[in-house]
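>>> how would this look folded up:
(chains A, B, C and D)
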Protein chains: 2
Amino acid sequence: MGINERKTREKQALRDRILEAARRIVIREGFAALSMRKIADAIEYSPATLYLYFASRDEIARALCAQGYAQLLAGFEPLAQIADPAERLKALARAYVAFGVAHPQTYRLIFMEDPTYLGAALGGASEAEKASAGAANERANKPAGDPAAPQAAPQADAQLINPAASDDSSDAAMRLMVGALDELKAAGRLPASANGAVWAEALWATMHGIVALNLTCPVFPTSPLDTVIDAALDAWFGVREQPAAAPPAAARSTRARRPAAKPKAVDA
Amino acid sequence: MGINERKTREKQALRDRILEAARRIVIREGFAALSMRKIADAIEYSPATLYLYFASRDEIARALCAQGYAQLLAGFEPLAQIADPAERLKALARAYVAFGVAHPQTYRLIFMEDPTYLGAALGGASEAEKASAGAANERANKPAGDPAAPQAAPQADAQLINPAASDDSSDAAMRLMVGALDELKAAGRLPASANGAVWAEALWATMHGIVALNLTCPVFPTSPLDTVIDAALDAWFGVREQPAAAPPAAARSTRARRPAAKPKAVDA
DNA sequence: GTCTATACCTCGATAGAC
DNA sequence: GTCTATCGAGGTATAGAC
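The predicted structure follows:
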């Protein structure tokens, strides 16, 4: 079977070249500028050839999305070692924002374009129902043409598209947050009424909001980005002391005001 | 001059019809599906006619953006009357999220598409520099074709495009938030180190994150949206008591758990 | 002066020759 | 497997009829 294996390898190699070229285009010009013709030009093949490796431009987008998402999650793993739950959460939050700032176009593709892209990178089974179960006439980001768009058949080789990032890692990241929040609550540093899962989603939304506004809103932020991040983290965990004693608010402003080292977009 | 005035009125009327048709398309099918041909079909004119009233599709987008933004800001004004600063901030935050949920496509257009759209609705003068001053190769949402796209000449009748929403109201909304945060700080309900302007941006980011994830991320939220909003607001202001006395955390979970009345998307 | 009709471009996707 | 040729839909811009 050595011949078949070689052919499989070669097919995979061209597939990777396609994705690589697509990623470079997205990084340089944004996802909206990604076209099959540009990819074909970059790898010196005809546009039609791409359709032997990917069913559509959307499938390429889903693959890029899954890769980027895996990269984001991979950055979280070492942070699980941090002992103090509040510091662990802050490190996670800062890593999240840093990723968004460093890879703006990739972040956009993952979290700010078509919901089905990330949906495919996650469960795979659940995105279809979720996408159609929402509001009746809404959430449709680019239905454009016909109502029954080519939505099927991207499931065959999901494991191939999606090397390491599937639901498991995603859940792991969520568990990391929920666990830290529960530790904080157990230590009395969060209100007893707090629900870890809900607070985790709210904290995620906060960090997403900082990244997304930074990418899209021309007047955000007025203050340095790190200052805004620190303010949000202070609002969440910064100023609460051990359960009893200690002044209820005020004081404890001795935060390590990091020297505003603009990470600058690098992407890739 | 009555003849000229009539002509001006008629021109304005068709202009409004164009915008109205465009808004309906955006609401129903999303901004990505908005095309000059569709608008022309809807108002029963030829596509070329549109270019006599708007220089480009982008200019129509900017006008829609400005209208939607004005509507969002208008919803804030009555909330300025709320006496308690924390309740005022919570009401503002809930109104903000409610707008995003009720008008998802409009919200997308304002805050999640091209930064220059909102930029034009705000200062007008500042968006060009800001858009190009960012990262070198980034932030470009849809440069697509040629490098020197038609970016000029949308300034002539900005006041006509932008009936009520310009920088003034926008600043007013920001001042509303900053003022409330400063009141809270003065009352000792915020850390003394907190900066009102910075915290306002961070709080804005939090609400934007809730709306944006809700619109784009297939797995958000797991819990009901109102629960997530309440969690975020509790994290920010909910659990802090009057400066002294009272248990530092815990207790005070008697929030008016609103009955999860899904506002459902209506847009327009 | 206004608008219609049309030329010319790019795009995604496919059929069929090789 | 790969490419050429092509379809249909989208966009901008303009020549020229009314």
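
>>> For the rest of this, base every contact and every neighbour count on C-alpha atoms.
Will do.

>>> Is there contact, residue-wise, from the helix or strand containing A:Ile3 to DNA strand C?
Per DSSP states H and E, A:Ile3 falls inside helix A:2-29. No: under the criterion of C-alpha under 7 Å from any atom of the strand, DNA strand C is not reached by helix A:2-29; the shortest gap measures 10.5 Å.

>>> What is that helix packed up against?
Secondary-structure packing of helix A:2-29 (3 or more C-alpha pairs under 8 Å, 6 or more residues apart in numbering or on different chains; DSSP states H and E): helix A:36-43, helix A:57-74, helix A:104-111.

>>> Identify each buried residue in the helix or strand following the last one, please.
Beyond helix A:104-111 in the direction of the C-terminus, DSSP H and E gives the next helix or strand as helix A:115-121. With burial defined by 16 or more other C-alpha atoms under 10 Å in any protein chain shown, the residues of helix A:115-121 counted as buried are A:115-121.

>>> Dump those to TSV, plus distance to A:Gly209 and pLDDT.
Below are these laid out as TSV (distance: C-alpha to C-alpha, whole Å; pLDDT from 0 to 100):
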residue	distance to A:Gly209	pLDDT
A:Pro115	16	92
A:Thr116	20	93
A:Tyr117	19	94
A:Leu118	17	93
A:Gly119	20	90
A:Ala120	23	89
A:Ala121	21	86
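
>>> Including distance to DNA strand D, could the residues you listed go into a markdown table?
Shown next, in a markdown table, are the buried residues of helix A:115-121 (distance: C-alpha to the nearest atom of the strand, whole Å):
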| residue | distance to DNA strand D |
| --- | --- |
| A:Pro115 | 22 |
| A:Thr116 | 21 |
| A:Tyr117 | 22 |
| A:Leu118 | 25 |
| A:Gly119 | 26 |
| A:Ala120 | 25 |
| A:Ala121 | 25 |
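
>>> what number of residues lie near the closest residue to A:Arg15 other than its chain neighbours?
Spatial nearest neighbour of A:Arg15, excluding adjacent residues (C-alpha to C-alpha, 6 or more residues apart in numbering or on different chains): A:Tyr53 at 6.1 Å. Neighbour count of A:Tyr53, defined by other C-alpha atoms under 10 Å in any protein chain shown: 16.

>>> Now A:Tyr53: phi and psi?
For A:Tyr53, the backbone dihedrals (degrees, to the nearest 10) come out as phi -110, psi -30.

>>> do you know how far it is from DNA strand C?
11 Å (C-alpha to the nearest atom of the strand, to the nearest Å).

>>> pLDDT score for that residue?
Looking at A:Tyr53, its pLDDT reads 97.

>>> That one against A:Asp16, yeah?
No: using C-alpha atoms under 8 Å, A:Tyr53 is not in contact with A:Asp16; the gap is 9.7 Å.

>>> and B:Thr216, which of the helices and strands packed on helix A:2-29 is closest to it?
helix A:104-111 (6.4 Å; C-alpha to C-alpha).

>>> if we look at that closest one, which residues are touching it?
With C-alpha atoms under 8 Å, 6 or more residues apart in numbering or on different chains as the test, helix A:104-111 has contacts from A:26-27, A:30-31, A:61, A:65-66, A:68-69, A:99-100, A:117-118, A:212, A:215, A:265, A:267-268, B:138-139, B:213, B:216-217.

>>> Among the residues you listed, name the buried ones.
Buried among these (16+ other C-alpha under 10 Å): A:26-27, A:30-31, A:61, A:65-66, A:68-69, A:99-100, A:117-118, A:212, A:215, A:265, A:267-268, B:138-139, B:213, B:216-217.

>>> The buried residues of helix A:115-121 also near chain B: which ones?
A:115-116, A:118-119 (C-alpha under 8 Å from any C-alpha of the partner chain).

>>> Dump those into TSV; add distance to A:Lys11 as well.
Shown next, in TSV, are those (distance: C-alpha to C-alpha, whole Å):
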residue	distance to A:Lys11
A:Pro115	29
A:Thr116	26
A:Leu118	25
A:Gly119	26
